[in-house]
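Visitor: Sequence plus the predicted model coming up.
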Amino acid sequence: MVVPQTFKKVLLTKEGTLKTESFTVSGRKIPLLEIRTRMLKEQESLGLLRIHSDDYYAAMADAEVRSRLIQLGEDDNRGEESESQSKERLKAIERKRHLMVWGDNSTLLNHGHLLLTVNSIYDEVVYYTNEEMIAKGKGDIDVQSLVERPQVYILGRCGSSEVDQLAYINTRKACLQSMNIKITTSNGVEITDVMRFFHGDGPEQQFEAGEQKGGNAGCASCSGDARKYKDLAVSLCKPHLTLSERLKKVLQGPAGKNKRNAGLKPFKDLRLEELRSECRARGLETDGQKRDLQEILKEEIGGIQRVPAMMFFDQEKTLADLGLGRHRILSTVGWS
Ligand SMILES: [Zn+2]
């Protein structure tokens, strides 16, 4: 699918005013649904999938269901769950694949390009182990590397600017919305796919998270002070910020809520009065000079510069609405 589309971009000029310009994005996307279907076929034909039929579960005794749940690290009995409810829960767990998107934005032949790939994540619940494959007479193969082989998802012309990259968000979101369509194996078993992770290099993680690039921040996980990364005690104490928490931190004050600077950099160059409003909305100290308030606000929001990319056009929605309920960005910045 080719997606040449014209977008309007809002630029922030040096003088601090906003200017609108048109630009075209062209890229190719293989819809996620197609990739998921193809991956399932391939995994099936290689015999990597553990997936059991309904009959298999029907024949399972309650004790077996419980011991299997315990083996998987799940509660063997959640409250007042009936035998059939536990069985359904086990079935759902064993028929769920977790997927990851990996992103890279780099220059190729003097043009910026965006490459996104998708892969499923190896999990012994769903896929056989190497030892099991040998025991089944399928030979000595590396199951994990086959399962996690990346599939090209989006490849397109794309500059490295925030605005250029945001132009791909809506088409990616449309794909995520198709995630609730179940796909079926050749035996008619329905498989659920969940998009769990986004990964990529530093700038890609920062883009997805809405974290600032460069400066004394940049961790897509904790948004901590980069000067303190080497101090393990500080680094390991910083809690991971979920995408919802990031969204909330941005929208907590008027700048984020009103999409100041087109929502791209709502906290850039806040005036004293604006800083005061931001601090007030967050229950922070509001007395002091501009510099004091800048410090106070910085301490609170860290390197967060806008809402996460996937929520940029839907800031009023929840992650669950966008099919990203359990989505996380894998971060490596603190360790590189
Ligand atoms: Zn961190």
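Guide: Alright, I've got the coordinates.
Visitor: Close to the ion: what parts of the stretch 201-336 of the chain are there?
Guide: 219, 221-222, 224, 334 (C-beta under 5 Å from the ion). From N, CA and C alone the C-beta is placed, and that goes for glycine too.
Visitor: helices or strands next to the longest strand that the chain contains in the packing?
Guide: With DSSP state E setting the assignment, residue counts place strand 96-108 as the longest strand in the chain. With contacts defined as 3 or more C-beta pairs under 8 Å, 6 or more residues apart in numbering; DSSP states H and E, the packing partners of strand 96-108 are strand 111-120, strand 190-200, helix 202-209.
Visitor: one more time with 6 Å, if that's ok
Guide: Judged by 3 or more C-beta pairs under 6 Å, 6 or more residues apart in numbering; DSSP states H and E, strand 96-108 is in contact with strand 111-120, strand 190-200.
Visitor: Ok, which of those comes nearest the ion?
Guide: Among these, strand 190-200 comes nearest to the ion, with 14.7 Å by C-beta to the ion.
Visitor: The closest one versus helix 202-209: what angle between them?
Guide: With axes from the mean of the first three to the mean of the last three C-alpha atoms, to 10 degrees as the criterion, the two stretches strand 190-200 and helix 202-209 enclose an angle of 120 degrees.
Visitor: one step back: what is the distance between the longest strand of the chain and the centre of its chain?
Guide: Strand 96-108 has its C-alpha centroid displaced from the chain centroid by 10 Å (C-alpha atoms, centre = their mean, to the nearest Å).
Visitor: How about stretch 164-180?
Guide: Distance, centroid of stretch 164-180 to centroid of chain: 12 Å (C-alpha atoms, centre = their mean).
Visitor: Mind listing what's buried along it?
Guide: Buried positions in stretch 164-180, judged by neighbour count with 16 or more other C-beta atoms under 10 Å: 164-169, 171-173, 175-176, 179.
Visitor: now stretch 310-321
Guide: Judged by neighbour count (16+ other C-beta under 10 Å), stretch 310-321 contains these buried residues: 310-312, 314-315, 319.
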